[in-house]
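Undergrad: have a look; sequence and predicted model below, questions after that.
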Amino acid sequence: MPNAPVKVAVSGAAGQIAYALLFRLAQGDVFGPDTPIDLRLLDLPQAQAALQGVVMELDDCAFPLLTSIQTTDDPIIAFDDIDAAFLVGSRPRAKGMERRDLLAANAAIFKTQGAALNAVAKRSVKVLVVGNPANTNAWVAIQSAPDLPPGAITSMIRLDHNRAAAQFARRAGVPVDAVEKLAVWGNHSPTMFADWSHATVEGQSLAGLINDETWYRDTLIPEVARRGTAVLEARGASSAASAANAAINHMRDWVQGSNGRWVSMGVASIGQYDIPEGLVCGVPTTCRDGVYAPVTGLELDAFTRAGLAASVQELIEERDAALAVLADA
Ligand SMILES: NC(=O)c1ccc[n+]([C@@H]2O[C@H](COP(=O)([O-])OP(=O)(O)OC[C@H]3O[C@@H](n4cnc5c(N)ncnc54)[C@H](O)[C@@H]3O)[C@@H](O)[C@H]2O)c1
Ligand SMILES: O=C(O)C[C@H](O)C(=O)O
């Protein structure tokens with residue numbers, strides 16, 4: 001007998017990431033081939049016409065697992081009794097907009113959506129925030145959802161993790177799956193820190209295998225950190241298919257388990273590694289039985305500690321700016 005359908009909300013559902021995400025979701029790439037899906041598609045009123053086109057295309061795929069599709073511009077309707085949410089929709093940076101303006105616009109969105117999750121989502125809901133600034137948006141949503149269990153709301157740093165894994169594997173001349181215990185720390189921004197210090201290939205040190213510290217520090221770290229900008233410049237639009245793929249990887253591993261592999265997730269800090277408690281920060285985790293657990297007790301070398309501290313400082317500043325906006329509201 002098939003499983004009961006999962007109810008899954010996607011915000012920003014008429015946007016370009018969602019266009020790469022929804023079809024894979026409906027195909028079973030997150031919840032598996034035996035779990036039907038009820039989709040809730042949330043977007044702004046002015047995007048509802050375009051959203052109907054996406055619904056037509058989903059219908060036209062005749063996905064056996066897709067049992068229903070509901071479209072709405074109301075988060076309370078979208079999040080009612082949901083099992084999972086991909087919060088992709090956010091306010092993009094407009095010309096002349098300061099970072100603070102962007103934070104303010106998004107803090108308002110994620111305050112509303114966090115409160116709606118708090119009011120109507122299942123208590124076991126798993127939420128992934130993709131919309132930028134993803135870590136701080138997730139932090140705002142958590143503040144507005146005090147009745148959800150700690151750990152219900154996470155942010156995406158998996159794209160940076162996948163970017164780093166691909167570059168490391170290519171440099172080492174090994175399949176990407178062979179790279180294990182890779183960690184991406186910090187903010188999903190150019191301050192994020194790709195850490196190879198614990199990474200292995202078939203039990204051997206990845207750093208030892210590549211044996212080029214200068215390449216790691218001067219090429220790998222900045223290239224991964226600036227990859228989003230490079231894609232934006234080349235495509236004329238920000239990464240979409242790779243972002244959707246990372247969102248699917250994040251949620252699939254959270255739901256189905258990571259089989260002992262480390263996967264980087266933006267999660268509310270439990271105070272380890274000098275990351276202030278509650279700050280939503282990229283850390284290595286493992287996932288099992290529907291629960292993620294940050295990897296604890298790692299020895300961080302001075303270079304990694306400094307990289308992480310710089311990204312944490314940026315996150316503290318973003319959090320404080322969002323806090324000021326919420327206090328003014
Ligand atoms: N965390 C990551 O790794 C990562 C990677 C790539 C992109 N992003 C971010 O993801 C976001 C979406 O990117 P995209 O390329 O799909 O953008 P897009 O502009 O194509 O789509 C965004 C959609 O969100 C909708 N939207 C805006 N405000 C909303 C709200 N309050 N409620 C519901 N829907 C709303 C818009 O109408 C639009 O349809 C951006 O913030 C982008 O910077 C994050
Ligand atoms: O949308 C962006 O600013 C870039 C995006 O977050 C990315 O990492 O590709």
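TA: Structure's in. What do you need? Ligands and ions are numbered 1, 2, ... in the order given.
Undergrad: tell me which helix or strand Thr285 sits in.
TA: strand 280-288 (DSSP states H and E).
Undergrad: kindly export that strand (C-alpha atoms) in PDB.
TA: Taking C-alpha atoms only, strand 280-288 is exported to PDB below (Å, rounded to 0.1, in the frame of the first residue of the first chain):
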ATOM      1  CA  VAL A 280      21.400  30.200  11.900                       C
ATOM      2  CA  CYS A 281      24.800  29.100  10.600                       C
ATOM      3  CA  GLY A 282      26.200  26.600   8.100                       C
ATOM      4  CA  VAL A 283      27.700  23.600   9.900                       C
ATOM      5  CA  PRO A 284      28.300  20.000   9.000                       C
ATOM      6  CA  THR A 285      25.500  17.700  10.100                       C
ATOM      7  CA  THR A 286      24.500  14.100   9.700                       C
ATOM      8  CA  CYS A 287      20.800  13.200   9.300                       C
ATOM      9  CA  ARG A 288      19.000  10.100  10.600                       C
END
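Undergrad: residue contacts, the closest residue to ligand 2 within the stretch 1-150 of the chain?
TA: Going by CB to the nearest ligand atom, ligand 2 is nearest to Asn132 of the stretch 1-150 of the chain, at 5.3 Å. Using the backbone N, CA and C atoms, a C-beta is placed for each residue, glycine as well. Neighbouring residues of Asn132 by CB atoms under 8 Å, 6 or more residues apart in numbering: 90, 106, 188.
Undergrad: so which of the residues you listed comes closest to Val267?
TA: Using CB to CB, His188 is the member of the contacts of Asn132 that lies nearest Val267, at 12.6 Å.
Undergrad: wait, that closest one touches Met265, no?
TA: No. Using CB atoms under 8 Å, His188 makes no contact with Met265, being 11.0 Å away.
Undergrad: need the residues touching each of the two.
TA: With CB under 8 Å, 6+ apart, His188 and Met265 have common neighbours 155-157, 282.
Undergrad: what parts of this protein come near ligand 1?
TA: Neighbours of ligand 1 within the chain, by CB under 6 Å from any ligand atom: 11-12, 14-18, 42-44, 47, 88-92, 109, 130-132, 134, 156, 159, 188, 238-240, 243.
Undergrad: can you count the residues close to the residue in the chain positioned nearest to ligand 1?
TA: Nearest residue of the chain to ligand 1 (CB to the nearest ligand atom) works out as Gly15 at 2.0 Å. By other CB atoms under 10 Å, 22 other residues sit near Gly15.
Undergrad: rewinding a little: would you turn the contacts of Asn132 into CSV with secondary structure, pLDDT and neighbour count?
TA: Shown next, in CSV, are the contacts of Asn132 (DSSP: H, G, I helix; E, B strand; the rest coil; pLDDT from 0 to 100; neighbours: other CB atoms under 10 Å):
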residue, secondary structure, pLDDT, neighbour count
Ser90, coil, 94, 22
Asn106, helix, 94, 25
His188, coil, 95, 27
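Undergrad: of all the residues you listed, which comes closest to Ile270?
TA: His188 (19.5 Å).
Undergrad: torsion angles phi and psi at the closest one?
TA: Here is the backbone geometry of His188 (degrees, to the nearest 10): phi -80, psi 80.
Undergrad: and it, what does it touch?
TA: 132-135, 155-157, 159-160, 266, 282.
Undergrad: turn the residues you listed into JSON lines, including distance to Met251, secondary structure and pLDDT.
TA: Formatted as JSON lines, those follow (distance: CB to CB, whole Å; DSSP: H, G, I helix; E, B strand; the rest coil; pLDDT from 0 to 100):
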{"residue": "Asn132", "distance to Met251": "18", "secondary structure": "coil", "pLDDT": "93"}
{"residue": "Pro133", "distance to Met251": "20", "secondary structure": "coil", "pLDDT": "94"}
{"residue": "Ala134", "distance to Met251": "14", "secondary structure": "helix", "pLDDT": "96"}
{"residue": "Asn135", "distance to Met251": "17", "secondary structure": "helix", "pLDDT": "97"}
{"residue": "Ser155", "distance to Met251": "12", "secondary structure": "strand", "pLDDT": "98"}
{"residue": "Met156", "distance to Met251": "10", "secondary structure": "coil", "pLDDT": "98"}
{"residue": "Ile157", "distance to Met251": "14", "secondary structure": "coil", "pLDDT": "98"}
{"residue": "Leu159", "distance to Met251": "13", "secondary structure": "helix", "pLDDT": "98"}
{"residue": "Asp160", "distance to Met251": "16", "secondary structure": "helix", "pLDDT": "98"}
{"residue": "Gly266", "distance to Met251": "13", "secondary structure": "strand", "pLDDT": "98"}
{"residue": "Gly282", "distance to Met251": "16", "secondary structure": "strand", "pLDDT": "98"}
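Undergrad: helices of this structure, start to end?
TA: Under the criterion DSSP state H, helices of the chain are mapped to 16-27, 48-60, 75-78, 99-120, 134-143, 158-172, 206-210, 213-215, 221-225, 227-235, 241-256, 302-328.
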